[in-house]
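In: Provided below for reference: sequence and predicted model.
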Amino acid sequence: MSNYASFALSYDRLMQDVDYKKRAEYILSLFEKHKRKPSDIIDLGCGTGTLSFEIMKMGVDVIGVDNSPLMLTEARNKAMEMGLNPLLLCQDISELDLYGTAEGAISTLDCLNHITDIKNLEKVFNRLKFFIEPGGLFIFDVNTPYKHREILSGATFVRDMDEVYCVWQNGVCDDELKVSISLDIFSQDDDGRYSLSTENFVERAYTEEQLSEIFKRNCFEQVAVYEDMSFDPPKDTTQRLIFVLKRL
């Protein structure tokens, strides 16, 4: 995975259309729907911490894990301004190593799609099983094969936000459901001029069958799968799935 060296500085502005409070409420409602109300959770791929901090404001302690030092620096600065004191760890989530267990875990906004080697994806579940309590839930989202083939493949998107202009160019989806992505980010400097930075990475979609085999081999039982931000079952055209797993 990329460390998002340039992306980190513009991430929050590019993601300002995400309603993090609503997403935090949705995630906690999933825990409650499935009879588990955690006092603490692990947020795998926490980025700049916006979702983690919304969850903390709702009374749940969060251990945020991300492999980008710059993303975590942004998160620490944000936490200080909000008067929050999360535990933030700079680790590759496929090598997760904590001092104890948590009652639940989450991973959101396509984090797991950035893992393009299925063996490394399995390592995430293999490591997590040691740090989530039996009976605890792991709730995560992934982009679907449909989205990679029909929406992302070969497409170009433009984001024109305050002080940031981003051109998002995608390669053609390959047989392994991988899409190469190039971001050209124009950020406004203090003197009014714009600086260009470029971020290149690859995302991969996985079939439900591939994911199911990984769950079974690593002590997780699939409890439910939904369309994003709903309790509805997925359709053929669903672009993002929400999985609810139970640690056995």
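Out: Structure's in. What do you need?
In: got the residue ranges for the strands in the chain?
Out: Secondary structure of the chain by DSSP state E: the strands cover 40-44, 61-66, 87-90, 102-107, 132-143, 156-161, 164-170, 178-188, 194-204, 220-227, 240-247.
In: Turn the ones you listed into CSV, columns for mean pLDDT.
Out: Formatted as CSV, the entries for the strands of the chain read as follows, by pLDDT from 0 to 100:
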stretch, mean pLDDT
strand 40-44, 98
strand 61-66, 98
strand 87-90, 98
strand 102-107, 98
strand 132-143, 98
strand 156-161, 90
strand 164-170, 93
strand 178-188, 92
strand 194-204, 91
strand 220-227, 98
strand 240-247, 98
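In: In JSON lines, list these along with mean neighbour count and distance to N120.
Out: All C-beta spots, glycine's among them, are computed from the backbone N, C-alpha and C. Rendered in JSON lines, the data for the strands of the chain read as follows (neighbours: other C-beta atoms under 10 Å; distance: least, C-beta to C-beta, whole Å):
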{"stretch": "strand 40-44", "mean neighbour count": "25", "distance to N120": "13"}
{"stretch": "strand 61-66", "mean neighbour count": "24", "distance to N120": "15"}
{"stretch": "strand 87-90", "mean neighbour count": "16", "distance to N120": "17"}
{"stretch": "strand 102-107", "mean neighbour count": "23", "distance to N120": "14"}
{"stretch": "strand 132-143", "mean neighbour count": "21", "distance to N120": "14"}
{"stretch": "strand 156-161", "mean neighbour count": "12", "distance to N120": "27"}
{"stretch": "strand 164-170", "mean neighbour count": "18", "distance to N120": "22"}
{"stretch": "strand 178-188", "mean neighbour count": "18", "distance to N120": "13"}
{"stretch": "strand 194-204", "mean neighbour count": "15", "distance to N120": "10"}
{"stretch": "strand 220-227", "mean neighbour count": "17", "distance to N120": "17"}
{"stretch": "strand 240-247", "mean neighbour count": "22", "distance to N120": "18"}
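In: any idea how far the residue lying farthest from the centre of the chain is from D160?
Out: Taking C-alpha atoms, centre = their mean as the measure, the residue most remote from the mean C-alpha position of the chain is D191, 33.7 Å away. Summarising the geometry, the distance separating D191 from D160, computed by C-beta to C-beta, to the nearest Å, is 20 Å.
In: ditto for A79
Out: Taking C-beta to C-beta as the measure, A79 falls 29 Å from D160.
In: Which one of the strands of the chain lies nearest to I115?
Out: When those are compared for distance to I115 using C-beta to C-beta, the nearest one is strand 194-204, at 7.1 Å.
In: Does G45 touch V65 like I think?
Out: Yes: contact between G45 and V65 holds when scored by C-beta atoms under 8 Å: they sit 7.2 Å apart.
In: shared neighbours of the two, which are they?
Out: Common neighbours of G45 and V65 are listed as I93 (criterion: C-beta atoms under 8 Å, 6 or more residues apart in numbering).
In: Please parse this structure into its domains.
Out: Taking automatic domain parsing as the criterion, the chain consists of the domains 7-143+206-247, 147-203.
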